[in-house]
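*Asks:* Just a sequence and a predicted model for now, questions to come.
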Amino acid sequence: MKPTMPVADQHRLLSDSAVASFDGHLARAGLPPLTAGPTRVFQVNVGKLCNQRCHHCHVDAGPHQVEANMAWPTFEACLAVIRELKPTTVDITGGAPELNPHFRRFVAALRALDVPEIIDRCNLTVLMIPAQSGLASFLAEHRVRIVASLPAVNPSQTDAQRGDGVFARSIAAMRVLNDLGYGRPDSGLVLTLMSNPVGAFLPSGQSSAEARFRALLQTRHGVGFNDLIELTNMPISRFLEFLERSGNTAAYLAKLSGAFNPAAAAGLMCRDTLSVGWDGTLYDCDFNQMLEMPVSVEGSRTIFTYRRDIMDERPVRTAKHCLGCTAGQGSGCAGKTAS
Amino acid sequence: MTYYDPADLGKFGDIGKDAPELAKAFFDYYGKVFAEGELTKREKNLIALAVAHAVQCPYCIDAYTGASLESGCSRGEMTEAVHVAAAIKGGAALVHGIQMRKHADRISM
């Protein structure tokens, strides 16, 4: 398996690009540098193991990532901080987070803590793995909101990004979820689709994409969902490799820079998110995690040494990849950031 | 080296250097044409993509391939749009065959 471009090379490519720094974009718009407020979303990246190996993955996840996965003592440390912080959302991501052997135990513990919203960032196909039988029912029983990746409503674009046969298995998984009540408006079980562009271009617009996905998935495949969010591809990791391979790096960064939207900066996820890496290191977001940019506060850089008193109002660490979150309608783990 | 330079698309605004008022009028009009209206932006981008092929403008093909993708069009939809352009262009050539036949009738024994 070819390793992803070293992180140092990713930083060099970003810093060498012709576009102005992220903080420079903020300053030109009259905005101050970013700071993080109180944590509302506690995001846990439980590891890089995944049954897929998507071409755009910013985590470099795949079946080969058998070591970079969270151990139970780290989950316990997360639970201790969650008890203290009482976030409105615990957002579990990966990899395919369900493949972490402690996933179900963690979800059950969160439900016992009465966390208002538990999110599982699901690739859909993991629900169809025989060894994961009962997973969909488990998620329904624990009232977990599923945020599921589906970039397009056609097999060719979906499979081009996520692997052969992924579209068909994703539709099969949506049927399983629909049968359990997910995607049905009155069930209380929320299925959110997450779409990101299949290439070096920006998302189409969240509300129009949701309407198009809803109509086409229902008429062509008879499956439904509750809502749809769009994410911009970040110029890091495998997507940055694609940009380099296809000669699109400069044009894509120029596109992100040209589409800088000050209104999108107000709703950036890093303002109220704490992101925990599989080894317990703390970050401002999942993208900084992959660029190995831990939080700026040196005295609170792991979940084991977390100190709320010095974390709130901390400066957010930024680099040019942040332009992905402020382009056009804005982008974050909850979808667009500008109204 | 090709006759067309893709970088020239980014210099489109330079067309206003010696006729700024005309350029402003054109770009204002252009912007209004592509705003969301009775037709969606997505529909307009697909029409523009088809027309770009009919008029064989490489700048427009690049621009509206990107715009179509960014408005959520699939490659299938975009390819069908190009076929619409091809059908209309082909049909336009073929229907002139009637003119040919009429004129041939006129001058033939």
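*Replies:* All right, it came through fine. Numbering: from 1, shown residues only, chains lettered A, B, ... in the order given.
*Asks:* pLDDT score for residue 34?
*Replies:* No chain in the question, so chain A it is. Listed pLDDT for residue A:34 reads 96.
*Asks:* Can you look at chain B instead?
*Replies:* At residue B:34, the model reports a pLDDT of 94.
*Asks:* Which single residue of chain B approaches chain A most closely?
*Replies:* Nearest residue of chain B to chain A (Cβ to the nearest Cβ) works out as residue B:72 at 3.3 Å. Where you see a C-beta, it was placed from the backbone N, CA and C, and this is true even at glycine.
*Asks:* For residue A:313, see how far away the nearest residue to that residue once chain neighbours are set aside is.
*Replies:* Counting by Cβ to Cβ, 6 or more residues apart in numbering or on different chains, residue B:72 lies nearest to residue A:204, which is 3.3 Å off, once chain neighbours are set aside. According to Cβ to Cβ, to the nearest Å, residue A:204 stands 36 Å off from residue A:313.
*Asks:* Could you do residue A:206 as well?
*Replies:* As for residue A:206, its distance to residue A:313 is 30 Å (criterion: Cβ to Cβ).
*Asks:* in terms of contact, does the residue of chain B closest to chain A touch residue B:42 like I think?
*Replies:* Yes. Counting by Cβ atoms under 8 Å, residue B:42 is a contact partner of residue B:72 at 6.4 Å.
*Asks:* Assign a three-state SS to residue A:20, would you?
*Replies:* coil (DSSP: H, G, I helix; E, B strand; the rest coil).
*Asks:* Now do the residue of the stretch 151-300 of chain A found nearest chain B, the pLDDT please.
*Replies:* The minimum distance from the stretch 151-300 of chain A to chain B, using Cβ to the nearest Cβ, falls at residue A:204 (3.3 Å). Predicted confidence (pLDDT) at residue A:204: the value is 89.
*Asks:* now residue A:60
*Replies:* So, for residue A:60, pLDDT stands at 86.
*Asks:* Tell me how far it lies from residue A:290.
*Replies:* To residue A:290, residue A:60 is 7 Å away according to Cβ to Cβ.
*Asks:* Quickly list what's touching both of these two.
*Replies:* Shared contacts of residue A:60 and residue A:290, defined by Cβ atoms under 8 Å, 6 or more residues apart in numbering or on different chains, comprise residue A:237.
*Asks:* More neighbours: the two, which one.
*Replies:* Neighbours were tallied for residue A:60 and for residue A:290 using other Cβ atoms under 10 Å in any protein chain shown; the higher tally belongs to residue A:290 (24 against 21).
*Asks:* The more buried one touches residue A:61, doesn't it?
*Replies:* No. Using Cβ under 8 Å, residue A:290 makes no contact with residue A:61, being 10.1 Å away.
*Asks:* can you pull out the helices in chain B?
*Replies:* Taking DSSP state H, the helices of chain B run over residues B:20-33, B:41-54, B:58-70, B:75-107.
*Asks:* How about the last one and chain A, touching?
*Replies:* Just to be clear, that refers to helix B:75-107. Yes. Residues of helix B:75-107 contacting chain A under Cβ under 8 Å from any Cβ of the partner chain: B:75-76.
*Asks:* could you say what helices and strands that helix packs with?
*Replies:* helix A:155-162, helix B:41-54, helix B:58-70 (3 or more Cβ pairs under 8 Å, 6 or more residues apart in numbering or on different chains; DSSP states H and E).
*Asks:* pLDDT (mean, whole number) over it?
*Replies:* In this model, helix B:75-107 carries a mean pLDDT of 96.
*Asks:* How about the residues of the stretch 201-339 of chain A by chain B?
*Replies:* Residues of the stretch 201-339 of chain A lying close to chain B (Cβ under 8 Å from any Cβ) are A:201-205, A:208-209, A:212.
*Asks:* one more time with 6 Å, if that's ok
*Replies:* Residues of the stretch 201-339 of chain A lying near chain B by Cβ under 6 Å from any Cβ of the partner chain: A:201-202, A:204, A:209, A:212.
*Asks:* how about the residues of the stretch 51-200 of chain A near chain B?
*Replies:* Selection of the stretch 51-200 of chain A residues close to chain B by Cβ under 6 Å from any Cβ yields residue A:154.
*Asks:* one more time with 10 Å
*Replies:* Residues of the stretch 51-200 of chain A lying near chain B by Cβ under 10 Å from any Cβ of the partner chain: A:152-154, A:156-157, A:160, A:195, A:197-200.
*Asks:* returning to what we had before: shouldn't the residue of the stretch 151-300 of chain A closest to chain B be in contact with residue B:70?
*Replies:* Yes. Counting by Cβ atoms under 10 Å, residue A:204 does reach residue B:70; the two are 5.9 Å apart.
*Asks:* Tell me which stretches of the stretch 101-250 of chain A form strands.
*Replies:* With DSSP state E, counting those that start in this stretch as the criterion, the stretch 101-250 of chain A has strands at A:117-122, A:145-149, A:191-195, A:227-230.
*Asks:* Tell me the spacing between residue A:245 and residue A:239.
*Replies:* 11 Å.
*Asks:* can you check residue B:89 too?
*Replies:* To residue A:239, residue B:89 is 38 Å away according to Cβ to Cβ.
*Asks:* For the residue nearest to residue B:72, grab phi and psi.
*Replies:* Phi and psi for residue A:204, reported as degrees, to the nearest 10, are phi -80, psi -20.
*Asks:* what's around it, how many residues?
*Replies:* When neighbours are defined as other Cβ under 10 Å, residue A:204 has 23 of them.
*Asks:* likewise residue A:146?
*Replies:* Residues within reach of residue A:146, counting by other Cβ under 10 Å, total 26.
*Asks:* Please read off the pLDDT at it from the model.
*Replies:* Taking residue A:146 on its own, its pLDDT is 98.
*Asks:* next one: the one 5 residues further on
*Replies:* The pLDDT attached to residue A:151 in the predicted structure is 93.
*Asks:* Next: residue A:2.
*Replies:* 64.
*Asks:* Make sure residue A:265 is indeed in a helix.
*Replies:* Yes. Counting by three-state DSSP, residue A:265 is part of a helix.
*Asks:* Phi first, then psi, for the residue lying closest to it once chain neighbours are set aside.
*Replies:* Spatial nearest neighbour of residue A:265, excluding adjacent residues (Cβ to Cβ, 6+ apart): residue A:326 at 5.3 Å. The phi/psi pair for residue A:326 (degrees, to the nearest 10) reads phi -110, psi 10.
*Asks:* Residue A:326 contacts residue A:260, doesn't it?
*Replies:* Yes. Counting by Cβ under 10 Å, residue A:326 does reach residue A:260; the two are 5.4 Å apart.
*Asks:* ok, now which ones touch residue A:315?
*Replies:* A:33-36, A:284, A:295-297 (Cβ atoms under 10 Å, 6 or more residues apart in numbering or on different chains).
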